[in-house]
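> What would the 3D arrangement of this be:
(chains A, B, C and D, ligands or ions: 4)
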Amino acid sequence: MSPTDPPAIEVDRVSKWFGPTRALDDVSFAVAKGQSRALLGRNGAGKSTLVSLITGIARPDTGELRIVGEPLHGQDDRIGCVYQRSSLIPAFTAAENVLIKHYPRRRGGLIHWRELRERARGLLDEWTIGDLADEPVERLQPMHKKIVEICRALVSDPEVLILDEPTAGLDKSDTARLFALLERLRERGTTVLYISHHLEDVFRVCDSVTVLRDARHVLTAGIGDVTMAQLVEAIVGEQPPSAVTRPPRASEAPVVLSVRDVRVDDRVGPVDLELRAGECIGIAGLEGCGKATLARALVGLEPRSGEVVVDGREVEPGDVPEALRAGIGYVPEDRHVDGMVSVLDVSENSTMALAPRIGRRPLGFLPRLSRRADLDRAYAELARQWRIVASSPRQLISELSGGNQQKCVMARAFATDPRLLVLVNPTAGVDVSAKASILASLSSALDRGAGVLVFSEDADDFALCDRILIMIRGSVVAVLDEEWTEADLVAAMQGEAA
Amino acid sequence: MIATPTTESPPRVLTRVRGVLKPSMLGQLAALPAIVIAVLVGSQLNRAFLTVDNIMTNVLAASAVLGVLTVAAALIIIAGHFDMSTQSVVAFAPVLSVWLVMPAAAGGSGVELDPVLGLLLIFVLGAVVGAINGFLVAGLKLNAFIVTLAMLILLQGMTLGIGGGETLSNLPEVFTYLGSARWLGIPAEVVVAVAVFVAAGLFMRYTVTGRQIYAIGGNPDAARASGIRVERITFWLFVASGVLAALAGLLMTARIASVTASQGNNILFTVFAAAVIGGIDLRGGRGRIVGVATGVLLLALVQNILLVSQIPSFWVNAIYGAIILLALMTGALAQGSWLTRFRRSPHAPQPAPDRSGDDR
Amino acid sequence: MIATPTTESPPRVLTRVRGVLKPSMLGQLAALPAIVIAVLVGSQLNRAFLTVDNIMTNVLAASAVLGVLTVAAALIIIAGHFDMSTQSVVAFAPVLSVWLVMPAAAGGSGVELDPVLGLLLIFVLGAVVGAINGFLVAGLKLNAFIVTLAMLILLQGMTLGIGGGETLSNLPEVFTYLGSARWLGIPAEVVVAVAVFVAAGLFMRYTVTGRQIYAIGGNPDAARASGIRVERITFWLFVASGVLAALAGLLMTARIASVTASQGNNILFTVFAAAVIGGIDLRGGRGRIVGVATGVLLLALVQNILLVSQIPSFWVNAIYGAIILLALMTGALAQGSWLTRFRRSPHAPQPAPDRSGDDR
Amino acid sequence: GCGGPADAGGADDGRKRVAYSSTSISDQYRVTFVRLLNEAAAARNFEMLPLTDANNDPAKQITDVTTLLGQGVDGIFIVVLDSKAIKPALDRAEAAGVPVVAVDQGPTAGKVAITVRGDSVLEGRQGCEALGEAMGGKGKVLELQGDLAGAIGVQRSKGFNDCMAEEYPDITVVSRPTQWAQEKATTATQTVLSTDPDVNGIFLASDSAMLPGVIEVLSRLGRLVPAGQEGHVPIVSIDGSPFGLEQVRAGYVDAVMAARLGDYATLSAEYLERAMNGETFDLGPTDHNSTIVQDGENIADILVATPVTKANVDDPTLWGNQAKG
Ligand SMILES: Nc1ncnc2c1ncn2[C@@H]1O[C@H](COP(=O)(O)OP(=O)(O)OP(=O)(O)O)[C@@H](O)[C@H]1O
Ligand SMILES: Nc1ncnc2c1ncn2[C@@H]1O[C@H](COP(=O)(O)OP(=O)(O)OP(=O)(O)O)[C@@H](O)[C@H]1O
Ligand SMILES: [Mg+2]
Ligand SMILES: [Mg+2]
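Ligands and ions are numbered 1, 2, ... in the order given. Next up, the predicted model:
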């Protein structure tokens, strides 16, 4: 590439405000053609905002963006993007979503459905999900939705590819497939902007990094010029929090959860397990193995058979309030689906499970009151503890950055001081230091005698686990105790070793 | 600890400004500028407009039925559903009840139910209709719009079948009391309607269940996952809506001192108009009862002004429509100027007026 | 390469079975079982029911207006909006147009516009109304429901103001032609309505713009993010809706061989009922035009059966409502039995009937 | 009193300030009446406020009247939408000392000075008699009813059916409700005529609301034959709209029971003027071919509808010949 070539992406003194929140403050950097650049920063640093500016769905308040030397006007076909937040059309099939910008047409201009299906199937088949082509995406697993989005971004061979946390929700094999793909794209000269909170990945697939902190640009460097520790410091702005470790548990603690012969249709089970106070069990498995279904069944969101006893109390199947009252705190798999009410503010979202408890009943018979002041006080405490960044308790949760939304959902599950925590993908989209503080919160919950079930594919989430159950096709097939490595975990999930 | 961005100076100033100006309030009371204009115009058009009697009797008392029905509609819409059947309950419950009370000679059934029981029966009928709707919607998961639309047609038909199209009058006093009584000099209808507004407003804003209804309307899946009894609350909401509709029916009966199969006909459009003008988002999860009150008030004022003005009758409806359009546009402009500046989201670049308010 | 769970045997078998049974089709044509029942019942009640003439003229031709209006409503609802004003265009466009055409002696304006121009004017008026709606909704971002409701009131009022409430009859033949003509032995109204259905169905399924309309209704943010011109398409959709409403108005005029300010009154409820029974999701983004056709057909059949049966007039409406409720419940059951088993999404545990269909 | 500030009323020039509360103004019958009433009021030098339109909502009509009272009118014309539901409004007018003259439809509860009206049940009977005769006393008749949720629709249907049952037992009646809607009447006619070949007569509760569609259907079915020729379908209707008279002239419609709208207007104006001057009215026959009778707690001047056939269809006093167009 000659040095006179204009950079593929040029961000020139760009600022963006959302009401009182400054999302980007005078940010400038450039990405040369063919580079693959990591864009890093804490939750709420402004990464996704920058993405929306580059793809033209929002405009900067000041400053300018240039793509291959030309100022950006609206949306540009040379850019492909996988947004952090799903931007699929729920009722459309996977195939139609993939080709939504490029419908194949017959000579008369009408859509050629067969060709559409075949082309999309071909693209999806590279990810081994070709047979989902005709499935409406709203019925797909989050992972498969993500793959559909990746396929869609790549359909037109974009000059610039933007990936905003593409691996969130992907399992190991698909992550590997994505990386291989990125490798190929790099050879083809595609410019990539890659956003992730997984720094190891960044070192694998990027050749340079840009770090945003508090809406400002703080660092741009070649990947060879920085160390992991330097990067973390640039992102966090201080000494990174030290890793959490936990002391081994005694096995005499009381049982908080006992699961006997639980089945969900023919999808899951039979599952038996026992969890003691202060114990943390991980449940790992590839996407679609049924672990989220098991979690949903435990809290009553999925009809099940078998027996679930929480803290000595048998929980009726299919009754969520009852399960939560028995002492379960639940973090669902996908916050956008059933984790948050996007039209309500952060304060209400984080205290939703708490409200019935802190509300008082005046005169004993009137409906239970929910006083804003009480809720806001409870929220303020949660926000402090979980470092939720919002401009005010009244800010709509949909306006928060993805990681902060996840923190709200986590905060809500912990707020009721549950005896049992059922956490699915708890750290989805949260930054390095928030991850550490989530683990710290987990640890202190364990210290208080709670039992924790972590359902995840991310090895980091299992840092505190005493053992890990491996699920394949709905049943627990293996257990990893004590010392395990990530390689063991991956192998076990794929059913290769026991 | 890291300084969070929110503690920096410019945002804080803005937050303060916002706290004082409360554009959220303006957003909720979008009908307020239009109300002010309506009052000014009305008082210019006719000296009799701004009299206590006109406002009390012809504006407020005349819109008590509309107000109660709009509260019912608002509750259901906030929860993400629709209840079209309320309009038919306005006729059905009183007609059936009065028919059972009146002697055969006066056009009744001859059962001659005790009038006080008859009064209670009105509410029981409302509750039963609501419970059926609630069961079909929350239990069988049928689409609320179409279920209650079918219920509307069914009940309108039943009302006609029962009453045989006859108007029954000379009702026992319990049925007409609210139409003529004055409490502390205020028409009883007005007191009842205001009480309904206040109770619903407090309920939705200050009780746990009220807040949960917003969550249900905003995202039922998330509400369920966080332990809210979505089905149960939805069911009871429909029951409440039925009871409120029955109350509206009683008010209507008291007002016209008789019952007729056509009472309440065509009020549904006005109900929805009042709710939406009052800031209720038809997609659920947003809107405040106080906003609904302004919506009802605006429509009642406009109708009264059209009555006392000298507009040729054939054009009254056209002008009514035009005024609603203008009210919407001024509302949007008033909101637009405040709100698009303060809180436009990149994912929703359009400042949809019904979204932009800080709800509740 | 690892076998992903989706290629495992039970799901695959299910996928195959599903391919054959097409519950998605069933889901879309939810009104089909009810239609079959209606036909069986109708043929028992009256021998004349199952004659070509009755079906052609009394079922199909009589529901041409409903059909065209329901297509218009469906397009707008799929895009995530509402258009209530169509009902008023059914009267407004023909009344104004005919008023301009007719001589003063026959109750017209005396302008004596050329009848053919008058015919064109009907469509122009529909388009203008649609364009105003479209501007207010897509341009000013006002809430479509309430804008078009205000427009409905405005136009109803204007129709009254212009025509002075008079019925104009003895219209020039261009206005009544469609009501009496037969093309290839089929009533022209039926041909027109079927053509509208086919055109709309093909448009929504086979053109990029049609697909984009689904996308807009399904997820407007995502639609915008994938480069769809949401505002422009929304605007033109409202124009199309206005033009279709004008066509419905022409069909209505031709059918009753006269124009009156009240024509089309109250048809809106039936339109929405037909759309929803036909599988259109009021939240936008889902539903197929072929489903709408079944919804219209069901309602038309039921109305015809009520006409040819011996039900006492006072109970006709009650029975109509009861039948719609039953149709909904059988539809839900039929869907339930197929769909909850085969295609429950883990994230949407409740098999909402309006959601579960395979859309497009 | 509740009448609002008294000085708001009474025009300075001593003209009486009167108002008109209508049930609706969306059909030709009402529209013509508005015009005739305005003319009659002008002839008596009343100051007429713009009419109020209750849009077929009985509750709105009460609000309309109380609002008019609040504007200090001296007298009110009213077409009563619901004969019983109007009582609260009439009570308030009585309390305010404002005389009310009911036209076309009177109250059965509440006080008015007098009602000037026809007799809907009688109109139904008249229709039945004309039709029974035209059909030769046997056959099957399609009765297109009005809105059964309203008094007029019910009464016309009752008069028609009672008379049919009593006097023409060999005529079967097939009744279909139309809610006064043209398209409903059209579809009902089309469907019944085409599925039941025995139907050989049609009775319309209103020609202004239903006739054009019915004529169109007959012509489409090839059964539009003038009276006297083979295959004629006898038609009788109530109202007497211009279109109805035109069809009588053409011979397609056998008879129309025409309301005496012109008389309604001039007489009610006269009665209101006299009532405002404190007069009351006596029972008994009048000088204008009618009788004043007791009508519940009120009195009514009953103007029996004029049966219009080809013989008298050009009578210029028929409102259908006075309507523009
Ligand atoms: N629509 C909006 N309205 C108001 N504030 C917003 C909106 N969108 C984003 N913000 C704010 O802008 C800031 C930057 O958000 P952004 O989504 O860009 O963060 P991010 O770097 O992508 O974080 P994450 O890693 O959590 O995804 C946050 O403080 C967020 O609350
Ligand atoms: N409605 C359904 N009917 C029958 N089988 C289903 C249904 N939904 C999913 N399955 C199958 O059940 C198994 C579990 O899928 P499920 O969606 O429950 O995974 P999951 O719990 O989300 O797992 P993960 O947490 O790994 O994402 C898969 O084999 C899937 O294909
Ligand atoms: Mg982000
Ligand atoms: Mg999953």
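> give me every residue that touches the closest residue to chain A within the stretch 201-325 of chain D.
Nearest residue of the stretch 201-325 of chain D to chain A, counting by Cβ to the nearest Cβ: residue D:220, 38.1 Å away. Bear in mind the C-beta positions are built from the backbone N, C-alpha and C, glycine included. Residue D:220 makes contact with C:179-180, D:190 under the criterion Cβ atoms under 8 Å, 6 or more residues apart in numbering or on different chains.
> That one and residue D:190: what is the separation?
8 Å (Cβ to Cβ, to the nearest Å).
> Quick check on the residue of the stretch 201-325 of chain D closest to chain A: phi, psi?
Backbone torsions of residue D:220, given as degrees, to the nearest 10, read phi -60, psi -40.
> same question, the one 5 residues further on
Here is the backbone geometry of residue D:225 (degrees, to the nearest 10): phi -120, psi 130.
> Tell me which helix or strand the nearest residue to residue D:204 once chain neighbours are set aside sits in.
Nearest residue to residue D:204, sequence neighbours excluded (Cβ to Cβ, 6 or more residues apart in numbering or on different chains): residue D:237, at 3.7 Å. Following DSSP states H and E, one finds residue D:237 within strand D:235-239.
> could you say what helices and strands that strand packs with?
helix D:120-134, strand D:199-204, helix D:207-220, strand D:255-258 (3 or more Cβ pairs under 8 Å, 6 or more residues apart in numbering or on different chains; DSSP states H and E).
> Spell out the residue ranges of the strands in chain B.
Secondary structure of chain B (DSSP state E): strands at B:168-169, B:182-183, B:186-187, B:258-259.
> re the thing from before, from the helices and strands packed on strand D:235-239, which stretch is densest packed?
strand D:255-258 (a mean of 28; mean count of other Cβ atoms under 10 Å in any protein chain shown).
> Quick check: the residue in chain A positioned nearest to ligand 3 vs chain D, distance?
With Cβ to the ion as the measure, residue A:48 is the residue of chain A nearest to ligand 3, at 3.0 Å. According to Cβ to the nearest Cβ, to the nearest Å, residue A:48 and chain D sit 53 Å apart.
> Please identify which helix or strand holds that residue.
Short version, using DSSP H and E: residue A:48 is in helix A:47-54.
> what about that helix, distance to the chain center?
18 Å (Cα atoms, centre = their mean, to the nearest Å).
> OK, contacts around the residue of the stretch 1-150 of chain D found nearest ligand 2?
Here the residue of the stretch 1-150 of chain D nearest ligand 2 is residue D:149; by Cβ to the nearest ligand atom that distance is 48.5 Å. Applying Cβ under 8 Å, 6+ apart, we find residue D:149 in contact with B:160, B:165, B:260-262, B:265.
> same question, residue B:207
Per Cβ under 8 Å, 6+ apart, neighbours of residue B:207: A:359, A:367-370.
> could you dump the helices and strands packed on strand D:235-239 to JSON lines with distance to ligand 1 and mean pLDDT?
Formatted as JSON lines, the helices and strands packed on strand D:235-239 follow (distance: least, Cβ to the nearest ligand atom, whole Å; pLDDT from 0 to 100):
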{"stretch": "helix D:120-134", "distance to ligand 1": "64", "mean pLDDT": "94"}
{"stretch": "strand D:199-204", "distance to ligand 1": "62", "mean pLDDT": "95"}
{"stretch": "helix D:207-220", "distance to ligand 1": "55", "mean pLDDT": "90"}
{"stretch": "strand D:255-258", "distance to ligand 1": "68", "mean pLDDT": "95"}
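> how about the ones you listed, which one is nearest residue A:491?
Among the helices and strands packed on strand D:235-239, the nearest to residue A:491 by Cβ to Cβ is helix D:207-220 (79.4 Å).
> Give me the angle between the closest one and strand D:199-204.
150 degrees (axes from the mean of the first three to the mean of the last three Cα atoms, to 10 degrees).
> Up against chain C, what does the stretch 151-300 of chain A have?
Counting by Cβ under 8 Å from any Cβ of the partner chain, the residues of the stretch 151-300 of chain A close to chain C are A:152, A:173, A:266, A:286-289, A:292-293, A:296.
> Pick out the most distant pair among the residues you listed.
Going by Cβ to Cβ, the pair spanning these furthest: A:152 and A:266, at 32.4 Å.
> Centroid-nearest residue for chain B?
residue B:70 (0.8 Å; Cα atoms, centre = their mean).
> which non-adjacent residue is nearest it?
residue B:274 (4.5 Å).
> What score does the one you found have for pLDDT?
On pLDDT, residue B:274 comes in at 91.
> now residue B:24
Confidence score, pLDDT, at residue B:24: 50.
> Where does pLDDT dip in the stretch 1-150 of chain B?
B:1-30 (pLDDT under 70).
> so where do the helices sit in it?
B:9-21, B:23-28, B:32-45, B:52-53, B:64-78, B:86-101, B:115-134, B:144-163 (DSSP state H, counting those that start in this stretch).
> by contact count, what packs against the fifth one?
By that I understand helix B:64-78. helix B:86-101, helix B:188-206, helix B:208-218, helix B:230-256, helix B:267-277, helix B:289-308.
> May I have the fifth one exported as CSV, CA atoms only?
As requested, C-alpha coordinates have been extracted for helix B:267-277 and formatted as CSV (Å, rounded to 0.1, in the frame of the first residue of the first chain):
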residue,chain,number,x,y,z
ILE,B,267,-67.7,6.4,22.0
LEU,B,268,-64.7,4.1,21.4
PHE,B,269,-63.0,6.3,18.9
THR,B,270,-63.2,9.3,21.2
VAL,B,271,-61.8,7.1,24.0
PHE,B,272,-58.8,6.1,22.0
ALA,B,273,-58.3,9.6,20.8
ALA,B,274,-58.4,11.0,24.3
ALA,B,275,-55.9,8.3,25.5
VAL,B,276,-53.5,8.9,22.7
ILE,B,277,-53.7,12.7,22.8
